[in-house]
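Trainee: coordinates only, sequence not included:
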């Protein structure tokens, strides 16, 4: 397998966690005799400092010439004085648009080893395994018109969707549900918003094409409550952009930390992979960052851009094994555990667990 991977480490803890994810990908390439080629480029605050723009043309060119893009994190408070279109975060929105991925996949899994790490009771989170499918290129984040008139103290953002935009992301969610527990929950605010009424009607129109999938609708406010009360009830959750951003972040409570959440953006020219957590500039360089979200993101890259499903599963199993052994970075050191691993140490532990797993499998295959 040949794969060209663009590495956009970005700001804050981005370079630290991305480094560990790349080491895992290199291990998979070595053991599987794959040809993974990595090229680095700038995005976000580091790009503003170096080139005066959050998304240089050279970064766009590299990304479009790659088979997958692995991104770390974007954001730096020292650029808050700039207008929104000039800040680091605009580089992230722009790269999403350039690559064209419209479906953002965000899994949230309750790891047994982290049961006490969640503020929710273990019996609530036990067995929770949710896949959020968030529409990524429409809604309030991209709708026009949008402006802030500081003279009149007025501002406006526009939530806008077309039927075609809803259809294409809904198809992705339905197909993913078919490969899981065959249940789809569509989230909207149809009791208030016309956009949500279009959303719900479109999902219902597609249901006959997927007769094996059970479909339910949830209003976003009730969904926020149910997610904390009955997370096991949900399988694939389909949402528009804003609702998906909020709900998938909320699901970090189930896992125990935002640092555990990976994501993949698919459907465009090139798939984009990034952990859900932000740049966390307050802990950058301290060794406290949790690399597991980035490492799990690397697993999603293998699954969705290389079709290396066994290798992806092996990485996920290695992460679970490291957690079961009691290893913790600061963000997941709660309950009866304490922080006992730095960013680099956690990465090495996953690497060792993955290596042992691969060695065992090869030995069994040889026998």
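Mentor: Sure, I can see it. Because the structure is predicted, anything quoted here is derived from the model rather than measured.
Trainee: What segments of the stretch 251-367 of the chain are helices?
Mentor: Ranges of helices in the stretch 251-367 of the chain, per DSSP state H, counting those that start in this stretch, are 252-255, 292-305, 309-324, 343-366.
Trainee: err, the stretch 101-250 of the chain, not the other one
Mentor: With DSSP H, counting those that start in this stretch as the criterion, the stretch 101-250 of the chain has helices at 122-125, 163-178, 194-206, 220-229, 241-250.
Trainee: Including distance to residue 266 and mean neighbour count, could those helices go into TSV?
Mentor: The way it works is simple: take the backbone N, C-alpha and C, and place the C-beta from them, glycine included. Converted to TSV, the helices of the stretch 101-250 of the chain look like this (distance: least, CB to CB, whole Å; neighbours: other CB atoms under 10 Å):
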stretch	distance to residue 266	mean neighbour count
helix 122-125	27	16
helix 163-178	7	19
helix 194-206	18	18
helix 220-229	23	16
helix 241-250	14	20
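Trainee: What are the buried residues along stretch 302-321?
Mentor: For stretch 302-321, the buried set under the neighbour-count rule, 16 or more other CB atoms under 10 Å, comprises 302-306, 308, 311-312, 314-316, 318-321.
Trainee: What's the first helix or strand after the longest strand along the chain?
Mentor: Counting residues, the longest strand found in the chain (DSSP state E) is strand 2-10. Once the chain leaves strand 2-10, the next helix or strand it forms, by DSSP states H and E, is helix 14-32.
Trainee: any idea how far stretch 277-294 is from the chain center?
Mentor: 15 Å (CA atoms, centre = their mean, to the nearest Å).
Trainee: Start and end of it, how far apart?
Mentor: 9 Å (CA to CA, to the nearest Å).
Trainee: would CSV of the helices of the stretch 101-250 of the chain with distance to residue 290 and mean pLDDT be doable?
Mentor: Formatted as CSV, the helices of the stretch 101-250 of the chain follow (distance: least, CB to CB, whole Å; pLDDT from 0 to 100):
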stretch, distance to residue 290, mean pLDDT
helix 122-125, 18, 94
helix 163-178, 26, 98
helix 194-206, 34, 98
helix 220-229, 22, 97
helix 241-250, 15, 95
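Trainee: For residue 3, which of those is the nearest?
Mentor: Residue 3 lies closest, by CB to CB, to one member of these: helix 163-178, at 21.9 Å.
Trainee: now that closest one against helix 194-206, angle please.
Mentor: Angle of helix 163-178 versus helix 194-206, following axes from the mean of the first three to the mean of the last three CA atoms, to 10 degrees, is 50 degrees.
Trainee: Packing partners of helix 163-178?
Mentor: Judged by 3 or more CB pairs under 8 Å, 6 or more residues apart in numbering; DSSP states H and E, helix 163-178 is in contact with strand 103-109, strand 129-135, strand 183-188, helix 194-206, strand 236-239.
Trainee: Double-check residue 324 against residue 115; I have them as touching.
Mentor: No: contact between residue 324 and residue 115 fails when scored by CB atoms under 8 Å: they sit 11.3 Å apart.
Trainee: Show me how far stretch 330-346 is from its chain's centre.
Mentor: Centre-to-centre, stretch 330-346 and its host chain are 21 Å apart (CA atoms, centre = their mean).
Trainee: what's the average pLDDT for it?
Mentor: On average, the pLDDT along stretch 330-346 is 86.
Trainee: Would you mind listing the buried residues in it?
Mentor: The neighbour-count check on stretch 330-346 (16+ other CB under 10 Å) flags 330, 331, 332, 333, 334, 337, 341, 342, 343, 346 as buried.
Trainee: Just the closest of those residues to residue 110, please.
Mentor: Distance to residue 110 across the buried residues of stretch 330-346 (CB to CB) is lowest for residue 332, with 12.8 Å.
Trainee: which residues does the closest one contact?
Mentor: 114, 117, 256, 257, 259, 260, 290, 323 (CB atoms under 8 Å, 6 or more residues apart in numbering).
Trainee: Top of the residues you listed by number of neighbours, please.
Mentor: Counting neighbours by other CB atoms under 10 Å, residue 290 leads these with 29 neighbours.
Trainee: Report the contact partners of it.
Mentor: Each residue near residue 290 by CB under 8 Å, 6+ apart is listed here: 17, 257, 259, 260, 277, 329, 330, 331, 332, 343, 346.
Trainee: Please repeat the previous calculation with a cut-off of 10 Å.
Mentor: When contacts are counted by CB atoms under 10 Å, 6 or more residues apart in numbering, residue 290 touches 13, 16-17, 20, 256-260, 275, 277, 280, 283, 328-333, 341, 343, 346.
Trainee: Kindly report the same for residue 196.
Mentor: Going by CB under 10 Å, 6+ apart, residue 196 touches 159, 161, 186, 187, 188, 189, 190, 217, 219, 220, 240, 243.
Trainee: how does it look with 7 Å?
Mentor: Residue 196 makes contact with 188, 189, 190 under the criterion CB atoms under 7 Å, 6 or more residues apart in numbering.
Trainee: top of the residues you listed by neighbour count?
Mentor: Neighbour counts for these (other CB under 10 Å) peak at residue 188, which has 25 neighbours.
Trainee: Give me the most central residue, this protein.
Mentor: Central residue of the chain (CA atoms, centre = their mean): residue 263, 1.8 Å from the mean position.
Trainee: correct me, but that one touches residue 277?
Mentor: No: checked against CB atoms under 7 Å, the pair residue 263 and residue 277 is beyond contact range at 9.9 Å.
Trainee: Count the neighbours of residue 61 for me.
Mentor: Other residues within reach of residue 61, judged by other CB under 10 Å, total 12.
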